[in-house]
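A.B. asks: just coords:
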């Protein structure tokens, strides 16, 4: 066994000891829908055209999901669905993939900001 092979095995063993392999195997779960009422309808309807990951990587309010459905129907050839099916889909998506709170950090306080080299000094004008 070469030094490189032993090194790769050592890294893999360390990664596994830290639970890294669990993380790798659970990445597949991100491509599956969350369990809940309406999941089968969403899976059947949405995966006709794209993978579950296309849905599960997104979030939005009911209005946002409705807009996405409308856009897929008007611009991407999605067939019309009856009102009951649409309501089931929207209920499920709103519940399990609803609008996320902002994940951006809060802005820095002005006193922590560096000086703006392009700011016009009105005193010297």
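C.D. replies: That came through, no problem. Remember, predicted model here, so these are calculated numbers, not experimental data.
A.B. asks: where does this protein have its least confident helix or strand?
C.D. replies: Of the helices and strands making up the chain, the lowest-confidence element is helix 20-26, at a mean of 40, by mean pLDDT, DSSP states H and E.
A.B. asks: next structured bit after that helix?
C.D. replies: Downstream of helix 20-26, the first helix or strand assigned by DSSP states H and E is helix 39-46.
A.B. asks: Need the contact partners of that next one.
C.D. replies: The set of residues that contact helix 39-46 without belonging to it, under CB atoms under 8 Å, 6 or more residues apart in numbering, is 33, 52, 54, 55, 81, 85, 88, 89, 92, 93, 96. Quick note: C-beta positions are derived from backbone N, CA and C, even for glycine.
A.B. asks: May I see the buried residues of it?
C.D. replies: With burial defined by 16 or more other CB atoms under 10 Å, the residues of helix 39-46 counted as buried are 39, 41, 42, 45, 46.
A.B. asks: Could you tell me how far it lies from the centre of the chain?
C.D. replies: Centroid separation between helix 39-46 and its chain, computed with CA atoms, centre = their mean, to the nearest Å, is 18 Å.
A.B. asks: Same question for stretch 87-95.
C.D. replies: Using CA atoms, centre = their mean, the distance between the centre of stretch 87-95 and that of its chain works out at 17 Å.
A.B. asks: With stretch 63-78 instead?
C.D. replies: 18 Å.
A.B. asks: try stretch 51-69
C.D. replies: Per CA atoms, centre = their mean, the centroid offset for stretch 51-69 relative to its chain is 9 Å.
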